[in-house]
Each structure stands twice: as structure tokens, then as C-alpha cells.
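K.L.:
Predicted model follows, preceded by the sequence.
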Amino acid sequence: MDMIIDFPGGARVDAHFRGHDLPTDQPPQGGGEDAAPMPFEVFLASIGTCAGIYVLGFCRQRGIDTTGIRIVQRNYRNPFTGALDKVDLDIQVPPTFPKQYHSALIRSADLCLVKKTLENPPKFEITTTEVQMA
């Protein structure tokens, strides 16, 4: 899948794919207007929302109501490099959630493709191409 990344002004950098627009921006201290999440925040949110898709699928397959279920994601960064060191996903369920499914819910979230990609990262190739503007 191709994504088109463009620069609509200010500190905005937006992605366009499959008919969707994903805006990003920087906070004022980064030269932006904080009109959208920062790219790193979008990356972090993809981890929890991906795990959430698997939790949702697990519950739907079993007819379990998802009311009151949420995932709290805690991100820990290395204080020296700023890089992400650890991500905790806490799947919070209401007392009515069937206890026999707690560990299965964790196994479902563990199937997240974003998580699996981070565990086996892709190779990156960055190039420059000159194109004629129409």
C-alpha cells in the first residue's frame, strides 16, 4: 500500500492512504499549532488500537459485551536517548467479564500486528527521486 506524505503548511505533515487523511502537527514549542497529534503519538496509538482490535474480535466471537473494557497503555522512554524502552498494555475489564477468559484476552492482544512488527522490525530504504510537477 502506498501512502502519500505531504506538507500542507506550518509544522503539519499529513499522510494520505486508502481514501483517508491522517494529519499530524507539532505542539507550539515544536513550531506547530498542536492541531493534530505528533507523528510519534500516532505511532504509539497504533500499538494500543491494534491490540484493541484483537480484544474486540475476541469478545465479538464469543458474544461478550465490550462495555466497560478499555486498554490503558503506558509508554516508557529511555531518559538518555528518548527512544521507547517499554510499553505496558493493561486490559481493564469490568467485574462481570468472564474470569476464565482473562488469559485468553491477553493472548488475543498479543497477536497485534503492530507489536509483532516492532518485535521483528522491517528494513528501511530511503531514496530521493526528482519528479516533474504538473
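P.N.:
Looks like it arrived, so ask away. Numbering: from 1, shown residues only.
K.L.:
All the helices of the chain, residue numbers only.
P.N.:
39-62, 102-109, 113-119 (DSSP state H).
K.L.:
Beta-bridge partners for the residue lying closest to residue 8 once chain neighbours are set aside, please?
P.N.:
Closest residue to residue 8 apart from its sequence neighbours, by C-beta to C-beta, 6 or more residues apart in numbering: residue 14 at 5.7 Å. Yep, even glycine has a C-beta here, placed from its N, CA and C like the rest. Per DSSP bridges, the residues bridged to residue 14 are residue 6.
K.L.:
And residue 14, how far from residue 89?
P.N.:
28 Å (C-beta to C-beta, to the nearest Å).
K.L.:
about what we covered before: now render the helices of the chain as CSV, adding mean pLDDT and distance to residue 127.
P.N.:
Shown next, in CSV, are the helices of the chain (pLDDT from 0 to 100; distance: least, C-beta to C-beta, whole Å):
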stretch, mean pLDDT, distance to residue 127
helix 39-62, 97, 20
helix 102-109, 97, 36
helix 113-119, 96, 21
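K.L.:
what's the closest of those to residue 130?
P.N.:
Ranking the helices of the chain by proximity to residue 130 (C-beta to C-beta) places helix 39-62 first, at 25.1 Å.
K.L.:
Include distance to residue 133 and mean neighbour count when you put the helices of the chain into JSON lines, please.
P.N.:
Below are the helices of the chain laid out as JSON lines (distance: least, C-beta to C-beta, whole Å; neighbours: other C-beta atoms under 10 Å):
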{"stretch": "helix 39-62", "distance to residue 133": "25", "mean neighbour count": "16"}
{"stretch": "helix 102-109", "distance to residue 133": "45", "mean neighbour count": "14"}
{"stretch": "helix 113-119", "distance to residue 133": "34", "mean neighbour count": "13"}
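K.L.:
and those as a markdown table, adding distance to residue 9?
P.N.:
Output for those, formatted as a markdown table (distance: least, C-beta to C-beta, whole Å):
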| stretch | distance to residue 9 |
| --- | --- |
| helix 39-62 | 16 |
| helix 102-109 | 38 |
| helix 113-119 | 29 |
